[in-house]
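**Q** Using only what follows, build the 3D model:
(2 chains)
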Amino acid sequence: MATPWRCPCWSLNALVCVVGGWTLGAIASPPDLTELTLDNPAPGIYVHYGQQAEMTRANFGDVANIGFVVGAACVAVVDTGGTYAVGRALRSAIRSVTALPVCYVINTHVHPDHIFGNAAFTPDQPQFVGHAHLADAMQRRGPNYLRALERDLGDVATDSRIVLPTRSVATADELDLGGRVLSVRAWRTAHTDTDLTVFDRTTGTLWLGDLGFVGHIPVVDGNLRGFLAVLEELKTIPADRAIPGHGRAREWPGAIAPEEKYLLALLRDVRAAIKAGQTLDQAVESIGGDRGQWTLYDDFHRRNVTAAYAELEWEN
Amino acid sequence: MFDRFRSLVLSLTLAAAAGGAWAQDADPAESAIWKKVHEGVFANAPIADAAGIVTLETPKRAEDAAIVPIAIRSGFAQSSARYIDTIWLLVDNNPSPIAAVFHFTPDSGRADMETRIRIEQYTHVRAVAKTNDGKLYMAANYVKASGGCSAPAGKDAIAAKASLGKMRMRVDGIVVPGKPALAQLMISHPNDSGLAMDQVTRNYASPHFVRKVDVSYDGKPIMSADVDFSISENPNFRFWFTPGEGGQLEAKVVDNQDLEFATTLRLDAVRSASALPSR
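**A** Reported below is the predicted structural model:
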């Protein structure tokens, strides 16, 4: 979407800081995110677990799982975090592990908490790898995402911007890191219409992006029935462990069992509400869902009902 | 220009004070966009509070920025002596603030409307009603934008194009002559703003959205709407009409590329019509 009122915002950024400091007391320069903690669940596989929270100034937009895979020749990054600051911190975390160049930056889908760190990697001149629909989705959603980021994170969002894919995956692709080949697959519309998974055969590690939610309530921003169908297909991948987009790495395919249960209940309940003649807002009010142990339930469950209703009312 | 400058500085400063949350929930009369619309659309005519005329129902926060349900409910039944003839649905901070202009007649039964809109950012949403005596009334709600990963864009651009123009119309409950009945019209359409720029060609996509909806019963108009891309993908309208002894409900839709779609629903009085197929 166009942002007719954005230019004045940009030009006022510096001034706003001055005015803010003047009227409200000191507003510090952008806080720095210096170090990311890394998990190393398998040889050459490094994961940083984002917080289970909405993106805020306090957490730098560090709310999604991001990480990298180290081959013999180079490094592939899998998602870059919700701000330039997180991307930059990931880049220095990579440097603490290896001096090999970053040759690929893979985005598992279009959501802002996974892509706004891309810009930190442009000096490495990697190939930016994404679903065949990713460029279009980034262009459609990017301006809105950037405006929300600036609104909610202020100067913590500095230098965050959209970086489009340079290598587009229609169905499947292989990325050679030297002695280690990553199998990348593009999926039908599920969590979003830009979902991509990354499978490292060497260690049996499957990066799910947001096709996998562990602990964090699943989010439907694509197609609920597609989401369930893709989960079914994913189970046939012979992985040992899965790294979800949110939550800790788990054994495969047990990692996605609670998510599947939630989504199946959502499908059943929304179908029943439509059949009973409930309107969209009545369905949103009445369907409590399976709260289980999910975090951020109140932030996303009603939204999931909304999206599912708009999809399922066209059934039959 | 100075006002915009000042309000931006003020609102952004307030945002900083609230620790990043957008704190502006200002007086709807002070919105700069509204002032323009008030002048441009209503020639600065006086507008009374809508209490007793219409109520506007919106969520406080858009759960999904692409699908925000809204309802406008009238305070009285339509009659030839007194009726609401127009309702403007306005979303101040969308790229196109005039989301819809709904026209009703005494045959509408009730001047109620439920639909779904896109919400770009924190905004006032308004319903301005004009009664048949020419007087204007306004109801306004403030709606917070959704959280980070929700966007007003559609969920599946390719699927939306594939089913373009498919329509469904239904009437709920028992149709009794002379008693207002509730109808729903669903239109499969991307309703796309075309505001996304192709970064390679630097061209904008072609906008493609529904611009006109006309619904009639037995040839008499009961609801028409001038709409645009502030209405969600797959536009969806729930509205009333007063049936006679039996007749045909007909919907005609035109989009901005002059594609036309139509559907009809044959209604027999005193029986449920919702199971009847639409074409």
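**Q** Help me confirm that A:A120 is found in a strand?
**A** No - the assignment for A:A120 is helix, going by DSSP: H, G, I helix; E, B strand; the rest coil, so no strand is present there.
**Q** That one is in contact with A:R88, isn't it?
**A** Yes - in this structure, A:A120 sits in contact with A:R88. The criterion is CB atoms under 8 Å, and the distance is 4.2 Å. All C-beta atoms are positioned from the backbone trio N, CA, C, and that covers glycine.
**Q** Tell me where the model's unsure across the chain.
**A** Chain wasn't specified; assuming chain A. Counting by pLDDT under 70, the ranges of chain A that qualify are A:1-32, A:34.
**Q** Please refer instead to chain B.
**A** Within chain B, the segments meeting pLDDT under 70 span B:1-26, B:148, B:195-204, B:270-279.
**Q** Figure out the helix or strand that the residue nearest in space to the middle of it lives in.
**A** In chain B, the residue lying closest to the centroid (CA atoms, centre = their mean) is B:A100, at 4.8 Å. Per DSSP states H and E, B:A100 falls inside strand B:98-104.
**Q** Only the buried residues of that strand, if you could.
**A** Of the residues in strand B:98-104, those buried under the neighbour-count criterion (16 or more other CB atoms under 10 Å in any protein chain shown) are B:98-104.
**Q** Closest one of these to chain A?
**A** The shortest gap between chain A and any of the buried residues of strand B:98-104 belongs to B:A99, at 14.0 Å (CB to the nearest CB).
**Q** Count the residues that sit near the residue of the stretch 201-316 of chain A found nearest chain B.
**A** Using CB to the nearest CB, the point where the stretch 201-316 of chain A gets nearest to chain B is A:R303, with a distance of 4.0 Å. Residue crowding around A:R303 was assessed by other CB atoms under 10 Å in any protein chain shown; the count is 24.
**Q** Next: A:D176.
**A** The local packing of A:D176 (other CB under 10 Å) involves 15 other residues.
**Q** How about A:A229?
**A** A:A229 sits with 15 neighbouring residues when counted by other CB under 10 Å.
**Q** On the three-state scheme, it is what?
**A** Here A:A229 is helix, with the state taken from three-state DSSP.
**Q** what ranges do the helices span in the stretch 1-150 of chain A?
**A** Taking DSSP state H, counting those that start in this stretch as the test, the helices found in the stretch 1-150 of chain A are A:6-24, A:84-95, A:112-115, A:134-153.
**Q** Please disregard the earlier target; I meant the stretch 151-279 of chain B.
**A** Taking DSSP H, counting those that start in this stretch as the criterion, the stretch 151-279 of chain B carries its helices at B:157-162.
**Q** Sheet partners, orientation included, of the strand holding B:A100?
**A** Paired neighbours of strand B:98-104 in the sheet (DSSP bridges): strand B:84-91 (antiparallel), strand B:220-227 (antiparallel).
**Q** which one of A:A120 and A:R88 has more residues nearby?
**A** In this view A:A120 and A:R88 are compared by other CB under 10 Å, and A:A120 has more residues nearby, 25 against 21.
**Q** Around the closest residue to that one other than its chain neighbours, count how many other residues there are.
**A** Excluding the flanking residues, the one nearest A:A120 by CB to CB, 6 or more residues apart in numbering or on different chains is A:G87, at 3.2 Å. Burial of A:G87 is recorded as 28 neighbouring residues (other CB under 10 Å).
**Q** quick one: A:G87 from A:I243, how far?
**A** Applying CB to CB, to the nearest Å, the value for A:G87 to A:I243 is 18 Å.
**Q** Now do the strand holding B:A100: everything it contacts.
**A** Residues lying outside strand B:98-104 but in contact with it, judged by CB atoms under 8 Å, 6 or more residues apart in numbering or on different chains, are B:37, B:41, B:72, B:78, B:83-91, B:111, B:113, B:115, B:117, B:221-228, B:230-231, B:239.
**Q** Return the residues of the stretch 101-250 of chain B in contact with chain A.
**A** When proximity is defined as CB under 8 Å from any CB of the partner chain, the stretch 101-250 of chain B approaches chain A at B:114, B:116, B:120-122, B:145-159, B:163, B:168, B:172, B:186, B:188, B:193, B:195-199, B:232, B:234, B:236, B:238.
**Q** Can you say which of those are buried?
**A** Among these, those scoring as buried are B:114, B:116, B:120-122, B:145-157, B:159, B:168, B:186, B:188, B:193, B:195-197, B:232, B:234, B:236, B:238 (criterion: 16+ other CB under 10 Å).
**Q** Those residues in strands, which ones?
**A** Among these, the members falling in strands are B:114, B:116, B:168, B:186, B:236, B:238 (criterion: DSSP state E).
**Q** Dump the buried residues of strand B:98-104 into JSON lines; add distance to B:E245 as well.
**A** Compiled in JSON lines, the buried residues of strand B:98-104 are given as follows (distance: CB to CB, whole Å):
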{"residue": "B:I98", "distance to B:E245": "38"}
{"residue": "B:A99", "distance to B:E245": "36"}
{"residue": "B:A100", "distance to B:E245": "32"}
{"residue": "B:V101", "distance to B:E245": "32"}
{"residue": "B:F102", "distance to B:E245": "27"}
{"residue": "B:H103", "distance to B:E245": "25"}
{"residue": "B:F104", "distance to B:E245": "22"}
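**Q** Sweet, I'm off.
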